[in-house]
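[1] Could you look at this predicted model? Sequence included:
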Amino acid sequence: MRIELRVNGEPCEADVWAGESLLYVLRERLGYPGSKNACEQGECGSCSVLYDGKLVCSCLVLAAQADGHQVVTVEGLGEDGRLHRVQEAFVAAGAVQCGFCTPGLVVAAVDLLAHNASPNDDEIREALSGNLCRCTGYAKIFDAVRLAAGT
Amino acid sequence: MQEEATTLGAVDVLTPRTLEEALRLKSETPGAVPIQGGTDVMVELNFDRARPPALLNLNEVAALRGWSRTNGRVSLGAGLTYAEAMEHPLAELLPALAEAARTVGGPQIRNRGTVGGNLGTASPAGDALPPLLVAGAEVNVASVRGERTLPLHEFLVGPKRNALAEDELIVGVSVAAGAGRETFLKVGPRNAMVIAVVSLALRVVDGELLAAFGSAGPVPALVRAPLEEASSFPEQVAAAASPIDDVRGTAAYRRHALRILAGRALDRCLA
Ligand SMILES: Cc1cc2nc3c(=O)[nH]c(=O)nc-3n(C[C@H](O)[C@H](O)[C@H](O)COP(=O)(O)OP(=O)(O)OC[C@H]3O[C@@H](n4cnc5c(N)ncnc54)[C@H](O)[C@@H]3O)c2cc1C
Ligand code: FES
Ligand code: FES
């Protein structure tokens, strides 16, 4: 079946198998490999995208449900070839080790700061609780979010 | 994509725009699996545990979304998300549901997962269920044959089994507003992303104590007692449960934890 959606502002069309996820379509059919596939069961957050402006796991959205909807992936956060300030903060704070969790955490952090410009540590913890990182121990990820928020 | 459809099994996606159309498709398509937030259904699909002949995508049915208030009762659409249940002013009308919603998964899950999906899955651990039980929830279901309403305790017929007929959909659930004297507590290894080891909702209303527990029996169940029995109520709640030993905890631990949760919930609500 054919679906039409907007990814990072661009209109896209894809022929999809009816049972596949939005994550699969983004990565394998539309050329947006930024969102990562680690668990395919909503547990790790590495596939996080903004779906109609809301933070979701793209592995849990049926591709066919996205027909007519808007998706922003990690590739769509920066503007004019420049990184988003959250991405810059992740680099500056050393919040990236293997990097597999990074796109999902960046999207989740962007979503947090869009709703709460200066979150405290408990608010950061709650907002990032759906994202797992196996490498950093989270301390530098917190530093990055604080840096991006300017707190 | 024809080839893939034949090798992987012919799943079809039906996307109705109105409730009427959704009910017609449900009755015309045997085995069609409704999908709302997809947080349960997609896991089954991604892991090849289910290959339904069709998926009935309910996301475009406006009648299933949102909530409304009439004569002291609050009607929640089946498509109400946990994130929406946490928002003002609904969170003040149904504080225990809002507290429960905040414990569900993480933000990504709460933005997609719905109350209707929790009823559809009917897990003994479903976190929306205890708050709905203490709020006297009635489930509204519909099919092309008509609508019916049944109390939530009759809707939950067993572990992961509900009273829906093959052609029926959940339209919503109606509850009595809580006015603040209610709460929800959940035990798990961390504060997010956990299935309840045990959970408890408590409401104090009109001189009565109403508690409902999750993960401590085949279905979340209700325990009631007069307010005067508050001191023995934790014991009554623990005695009413029929927990099992499993990977998340032992039956003995669950009963103990329920007793403690009931005591804490009473402290909160009677303070
Ligand atoms: C990472 C993760 C964490 C989770 N954490 C929790 C948690 O903490 N607590 C908890 O309770 N649950 C949790 N869940 C489970 C799930 O999120 C909830 O059960 C949620 O309420 C399901 O809602 P949904 O809209 O996503 O359902 P879907 O997956 O769309 O559907 C679930 C079931 O309900 C049926 N259904 C949906 N809508 C209707 C309808 N209108 N009429 C008839 N049938 C319908 C579907 O056919 C399916 O059988 C978690 C899931 C994941 C992936
Ligand atoms: S891949 Fe989607 S949450 Fe892990
Ligand atoms: S940096 Fe490796 S998983 Fe987070």
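    Looks like it came in fine. Ligands and ions are numbered 1, 2, ... in the order given.
[2] For ligand 3, see how far away the residue nearest to B:Arg248 when sequence neighbours are not counted is.
    Leaving aside its sequence neighbours, B:Arg248 sits nearest to B:Val197 (C-beta to C-beta, 6 or more residues apart in numbering or on different chains; 4.8 Å). Backbone N, C-alpha and C define where each C-beta goes, glycine included. For B:Val197, the distance to ligand 3 equals 27 Å [C-beta to the nearest ligand atom, to the nearest Å].
[3] now swap in A:Glu126 and tell me
    Taking C-beta to the nearest ligand atom, one finds A:Glu126 at 19 Å from ligand 3.
[4] So what's the predicted local confidence for that residue?
    Residue-level confidence at A:Glu126 comes out at 97, pLDDT.
[5] quick one: contacts for it?
    By C-beta atoms under 8 Å, 6 or more residues apart in numbering or on different chains, A:Glu126 lies in contact with B:Pro107, B:Ala192.
[6] so it sits in a helix?
    Yes. Using DSSP: H, G, I helix; E, B strand; the rest coil, the secondary structure at A:Glu126 is a helix.
[7] hang on, the earlier thing: what sits against the residue nearest to B:Arg248?
    Contacts of B:Val197 (C-beta under 8 Å, 6+ apart): B:Val187, B:Gly188, B:Pro189, B:Ser215, B:Arg248, B:Gly249, B:Tyr253, B:Arg254, B:Ala257.
[8] Roughly how far does it sit from B:Val141?
    B:Val197 sits 30 Å away from B:Val141 when distances are taken as C-beta to C-beta, to the nearest Å.
[9] do the same with B:Ser215
    Using C-beta to C-beta, which is the criterion applied here, B:Ser215 is 25 Å from B:Val141.
[10] Which one of these two is surrounded by more residues?
    More neighbours sit around B:Ser215 than around the other of B:Ser215 and B:Val141, counting by other C-beta atoms under 10 Å in any protein chain shown; the figures are 29 against 22.
[11] Torsion angles phi and psi at the residue lying closest to B:Asp127 once chain neighbours are set aside?
    Of all residues not flanking B:Asp127 in the chain, B:Ala100 sits nearest, at 4.5 Å (C-beta to C-beta, 6+ apart). As for B:Ala100, its main-chain torsions (degrees, to the nearest 10) stand at phi -60, psi -40.
[12] top of the contacts of B:Val197 by neighbour count?
    The member of the contacts of B:Val197 that has the most neighbours, counting by other C-beta under 10 Å, is B:Ser215 with 29 neighbours.
[13] Do a quick rundown of the helices in the chain.
    Using chain A here. Listed in chain order, the helices found in chain A under DSSP state H are A:22-24, A:85-93, A:102-115, A:121-127, A:139-149.
[14] try again with chain B
    For chain B, the helices defined by DSSP H cover B:2-8, B:19-28, B:41-46, B:82-85, B:90-93, B:95-103, B:107-112, B:115-121, B:129-134, B:152-155, B:233-240, B:251-270.
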